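Participant: Sharing a model that was predicted from the sequence below.
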Amino acid sequence: MQQILPYIINGISVGGQYALIAIGYTLVYGILRLINFAHGDVFMVAGLVMVYATTALPFYVALPLVLAATVLLGFTIERVAYKPLRTAPRMSVMISAIGVSYLIQNLAFYITGGVPQPVTRPIPWISENVIILGASTKRVTLVTPILTILLVVVLVYLINHTKIGMAMRAAAKDFETAQLMGIKINAVISMTFVIGSFLAAVGSMLYFTNYPSVAITSGGMPGLKAFVAAVFGGIGSIPGAVVGAFIIGLCEELIKGAGYTTFSDAFTFAILIVVLCVKPTGLFGEKVTDKV
Amino acid sequence: MTMTKKKTIFTAAVLAVLLAACVVVDMLLPSYHIAVVVIKKATVYSLVAVSMNLLNGFTGLFSLGQAGFMLLGAYAYAVLTIPVDKRPGVYQYFDGGALKFSLPEIFTGFMGDTVGSTVGMLLALLVGGVLAALMAYLIGLPVLRLKSDYLAIATLGFAEILRAFFQWNALGPITNGSNLLKSYPTFSHATPYVILAGLMIAIIVLLINSTYGRAFKAIRDDEVAAEAMGINLAKHKRMAFIISSFFAGIGGGMMAMYMGTIAAAPFKSTLTYEILLIVVIGGIGSITGSVIASFLYIFSSEWLLRGLDSGTFLGINAPGIFKNGFRMAVFSVIIMVIVLFFRKGIMGDKELPDLLDKKARKRKKEAAGK
Amino acid sequence: MKKLMAAVLALVMALSLAACGGKSDSQDAQSGDSGNKVVKIGVFEPQTGDNGAGGKQEILGMQYANYVQPTVEIGGETYDVKLEIVDNRTTPENGKSAAAELVNRKVSMVLGSYGSGVSMAGGEVFQEAGLPALGTSCTNPQVTAGCDVYFRLAFLDPFQGTVLANYAYKELGVTTAYVLGMLGSDYDQGLVYYFTEAFEGLGGTVVAEDFPEGSANFVSYINNAKAANAGVIFAPVSINYAQLIVEAAAAQGFEGALLGSDTWDSNKVIESATGKDVTSFVTTFYQEGGNPEFDAGIKEWINANPDAKTNNGGNDMVAAVTAIGYDAYFTALEALKIAGSTDPKAVLEALPSVSFEGVTGLIEFDEIGDAKRDAAYIKTANTEAGVWDFVKVQTVG
């Protein structure tokens, strides 16, 4: 037990980080049927903003600024790159998403000079070391899963008990009918991007407190893995995404612990392919039938 | 003269001029001149872009596994052609590697130096293509049943898995693990690349104009209708996937040839995205478009726009703005503009011969106007 | 609309072509501000990507050397030296076109690169063009062994790996080592190979693992090292990963020592280690204080030059790669003097006979083209003061 405990703690923490990103994927996919390839890069930008903001400003200004900037970015991406393509074929929207991801990475490359940016002033308290059950770790490792669960509970409440939440559920169920029923579909879609980006920003702050260096490719792998988590849990389902993320996070760290470090990334994708082929709707996903 | 005949002559003439231009460039410039380097790279990208277009543009299967198939082709080429006496140096950590032969050397034994090594190199390319096709068959069994974006993400995942395998130290005696493969023979001039890629693209064009090609397009336009017309969906999708991967494998082999050294690292999803964006710039569903876009993209990114990165561009000296990465930033903005506002790309779904048509139609229109 | 687009694109291309053409013409005819003739030295270094930070520090050394000694006497005439800096973006696939770019700029000689993979890729082009190249901190034997035009200033991986293995086994008294390299990095894997060979040869046990490119989470790797009861973690990785490994080792309370290769000798790594409870040792080419005059001069220059300071990571600590860059520049000048010509062929013939005292020691080449170097400096991170402390000079054996 003492042996595998550190891996489990770390795996849960990683899972929490993936979960915060995965929700963004699952919400957007639920409504637009779009894999938002740029979501991982939004996560990375949040990290960069944090690096710059925390070096220049005190934390009580810097952290809200990171949240605001990331939300604005997510909102803008939707308005500029996805909204004009609402009636276009799905492939066009997906290409647009890839294009946005490419654009964000290249802009970040230009701004950072292509060199990873170290987080020189990590958020205090949560970046300190603690000893838990004989294993040393950063406090953020413990904070992440707790915060994740809290945020998810709030989000689920929001979706089940508020007007906008109801509108989101309606849009996810049937896009066109929802529109006919007087739901302002653009507002709903913007809202999903705002929520997704907000959570990604929170995830980003926790992630880069734990691994304090932001490279322009930092968003790619967590993004893809979070997406795999969303698919695993059943895309469109928030609890599914969260459970999926924790499972993926745990598996990944245990695989590393078992000595197969070479395949720690590959394994995640293997899970993806197996899930897609065996049960494409994932753990909690609803069965969708394609309409002709 | 009929329109078809005219078109054929027009196409042949354009191709002949291009080939001649390439031969001239080869004669005038040394093989390390940037113009030659860029032509080689653009040619390789053309082939890969066309092969991706065959799948994404003509069959409507959104696959993002291109980099994985290129990886297979590139490794097959390099592993099979490294001269035996160079192997201990290349496989420095793996006792000279597991393979103790080199295809070009086998053929030089009884065919003479030039012919033999060329045959050996071409054969290695072919092996790469066949391996990629085989792999496509295998992974196609499960993943081709998936719908659009699921297929995309599954193929993307597959390419990542493949990359990890090639870097795995246990396979080191064959793949050299994480280390470079090098010292293999390459064509130093641009013309062989142009001829090779040209031939491959010609085969793809022939395929697209055949009954199979029409079936592919029917699947793209409406799966259900195509099935109702008696097209075997599974069979044709699998075929398109395998053929596209075959050419991606050959393209990967040529990429290895162009680069001179090869490792698994560059074959990431970024490479696939890059090629996808080239296809989009050229026009989804246009072979000519993919080729033109490849050349535009490579020429500007590798050569013409380098000034954007190094301080001075168009005579404007502003090191503060024109610094590292500005080129790619400008590039990606252009790409986004194309994706959002010029969704058809440069060529739409038109081909080179169709340009004649358009002119002819215009002339007619003008005549009618008078 | 489509036609408009095509027309605009074509226009842009044509314009930029014209711009490039114009630029290169004017460059060819250019002579220095002082009216002297100009000799161009190519700088083939990464400024972006994983090795971007290290490459920039290496370039700093060359730029400072160029500032100290901007002219050279070649065949009785005074030439202004102009550095042509091209970014090879760390990776072999970009190395080739960057190398071709240098050949096109008609440089007399090339300096660089940081990192072996990209040097080998560039080497193919330099070989074809007959352009001599002087490797700086690339340490894979194959860089010079497989290429006639490549020379090198740094020590080699087999040497460095052996030195570290000896140090760990004999000085630190460690019998189990955990080694970690990046998947797909030939630099990492090469050092891992030689370290393992030497360490196992001494009778130690090695647990080797690797991580995928782009990893940020090294927690489980550190835990693996602890589980294996390793006394040292040897991680010959690039600066960014080194920082993350230091961070993770501190967070997980790893009690052994971290061993790093020449890449670790960077002020960025020391920044990460400052104030944390970690022990780390690195091998390197130069120790600050080895040449006080050089140290003082370059510090003054870095402090006077905000761009240089940014590229050096925000302070004036002298990295070993900067010293190597400085020596590379002077080696090039020596070769040009001996050659008595700016013709790359003459320079190539002159290089083997270069012999002078650089800041990193005596510089002479053996028959393969490698600098005759038999000593490595071992430093340790002083986590209180935030500086590298000199430990000892380790020679072969």
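Facilitator: That came in fine, so what should we check first? Numbers count the residues shown, from 1 in each chain, chains lettered A, B, ... in the order given.

Participant: Can you tell me what sits against the host helix or strand of residue A:143?
Facilitator: Per DSSP states H and E: residue A:143 is located in helix A:139-161. With C-beta atoms under 8 Å, 6 or more residues apart in numbering or on different chains as the contact definition, helix A:139-161 has outside contacts at A:9-10, A:12-13, A:15-17, A:19-20, A:23, A:123, A:125-130, A:132, A:164-165, A:168-169, A:195, A:199, A:202, A:206, A:209-210, A:238-239, A:242, A:246, C:219. Bear in mind the C-beta positions are built from the backbone N, C-alpha and C, glycine included.

Participant: If any of the residues you listed are buried, put those into a ChimeraX selection.
Facilitator: Here is the ChimeraX command that selects the buried residues among these (16 or more other C-beta atoms under 10 Å in any protein chain shown):
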select /A:9,10,12,13,15,16,17,19,20,23,123,126,127,164,165,168,195,199,202,206,209,210,238,242,246 /C:219
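
Participant: Run through who's touching stretch A:180-199.
Facilitator: Under the contact criterion C-beta under 8 Å, 6+ apart, stretch A:180-199 has outside partners A:20-21, A:23-25, A:27-28, A:30-32, A:36, A:39, A:42, A:46, A:67, A:70-71, A:73-75, A:77-79, A:82-83, A:151, A:155, A:158, A:164, A:167-168, A:170-171, A:175, A:178-179.

Participant: one more time with 7 Å
Facilitator: Here stretch A:180-199 makes contact (C-beta atoms under 7 Å, 6 or more residues apart in numbering or on different chains) with A:20, A:23-24, A:27-28, A:31-32, A:39, A:42, A:67, A:70-71, A:73-75, A:78, A:83, A:151, A:155, A:164, A:167-168, A:170-171, A:178-179.

Participant: circling back to that earlier point, what about the helix holding residue A:143, distance to the chain center?
Facilitator: 13 Å (C-alpha atoms, centre = their mean, to the nearest Å).

Participant: Please identify the buried residues of it?
Facilitator: For helix A:139-161, burial by neighbour count (16+ other C-beta under 10 Å) applies to A:139-145, A:147-148, A:151-152, A:155, A:159.

Participant: How about stretch C:154-164?
Facilitator: By 16+ other C-beta under 10 Å, the buried positions in stretch C:154-164 come out as C:154, C:155, C:156, C:157, C:158, C:159, C:160, C:161, C:162, C:163, C:164.

Participant: tell me the SS of residue C:180?
Facilitator: strand (DSSP: H, G, I helix; E, B strand; the rest coil).

Participant: Show me which of the buried residues of stretch C:154-164 is closest to residue B:178.
Facilitator: Of all the buried residues of stretch C:154-164, residue C:157 has the smallest distance to residue B:178: 13.5 Å, by C-beta to C-beta.

Participant: That closest one and residue A:179: what is the separation?
Facilitator: Separation of residue C:157 from residue A:179 (C-beta to C-beta, to the nearest Å): 64 Å.

Participant: what does residue C:357 give?
Facilitator: From residue C:357 across to residue A:179, the span is 79 Å (C-beta to C-beta).

Participant: which one of those two has more residues nearby?
Facilitator: Comparing residue C:357 with residue A:179 by other C-beta atoms under 10 Å in any protein chain shown, the one with more neighbours is residue A:179, at 15 against 11.

Participant: contacting residues around the more buried one?
Facilitator: residue A:185.

Participant: To which secondary structure element is it assigned?
Facilitator: Using DSSP H and E, residue A:179 sits in helix A:175-180.

Participant: And for residue C:208?
Facilitator: Under the criterion of DSSP H and E, residue C:208 resides in strand C:205-211.

Participant: and that strand, what does it pack onto?
Facilitator: strand C:176-182, helix C:186-201, helix C:219-227 (3 or more C-beta pairs under 7 Å, 6 or more residues apart in numbering or on different chains; DSSP states H and E).

Participant: Any chance of the ones you listed in a markdown table with distance to residue C:168 and mean pLDDT as columns?
Facilitator: Output for the helices and strands packed on strand C:205-211, formatted as a markdown table (distance: least, C-beta to C-beta, whole Å; pLDDT from 0 to 100):
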| stretch | distance to residue C:168 | mean pLDDT |
| --- | --- | --- |
| strand C:176-182 | 6 | 94 |
| helix C:186-201 | 7 | 91 |
| helix C:219-227 | 13 | 91 |
